[in-house]
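Asks: Fold the following for me, if possible:
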Amino acid sequence: MPATVHCDIVSAEKAIFNADIEMGVFPGEAGELGILPRHTPLLTRIKPGTIRLKLPEQEEFEVLYVSGGMLEVQPNSISVLADTAIRAKNLDEAKALEAKQKAAEAEGNKAGNIDFAKAEAELSQTITQMQQALKNLKKK
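Replies: Got it, this is the predicted structure:
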C-alpha cells in the first residue's frame, strides 16, 4: 500500500474534500507545487487554478477548481483554505461563459466606477473555470 497524507479542502461555504491522498498538485503563486507524504512544512498562498489529487487505488486524479486561498502542508496533513472551491465535475460551462462576458464588459467600461483589479481577478477565475469545464467535456 502506498504512503498517504490526509488532505482537507474547505471553502468559505463548506468542506469540499476530506480524504487520504497519495499526492497532490496545487497552483502556487510561483508555479505548481507537487506535495507527497512527509513533505517539509510549508505555508503559502495559492492562485486561481486547479488542484489535482491522486487517491489510492484510483487511476484518474480528483480535480477541483479554487479561486485562490492558502495552502498549509505538514508532514502528515495538507490543508487548503480556499475563497471558492468547486469539484471540476460540478463546473457549469454556461455559467462560466456568462461570468466571463460580464467581467469583460466591466473591464471595457472604463468610464464607470469599476474596481479593475476585482474585474481582472474575476475574469482570470472565469477563464480557469472555462478551461476546466472544456477539459471535462472532452473526457466525456
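
Asks: In this structure Ser67 contacts Pro48, no?
Replies: Yes. Look at Ser67 against Pro48 with Cβ atoms under 8 Å: they come within range, at 4.9 Å. C-beta here means a position set from N, CA and C on the backbone, and glycine is covered the same way.

Asks: Pull up the overlap in contacts between these two.
Replies: Jointly contacting Ser67 and Pro48 under the rule Cβ atoms under 8 Å, 6 or more residues apart in numbering are Gln125.

Asks: and Val63, which of the three is it?
Replies: Recorded secondary structure, Val63: strand (DSSP: H, G, I helix; E, B strand; the rest coil).

Asks: what's across from it in the sheet?
Replies: Arg52 (DSSP bridges).

Asks: residue closest to the middle of this protein?
Replies: Computing the C-alpha centroid of the chain and ranking residues by Cα atoms, centre = their mean puts Val66 first, at 2.5 Å.
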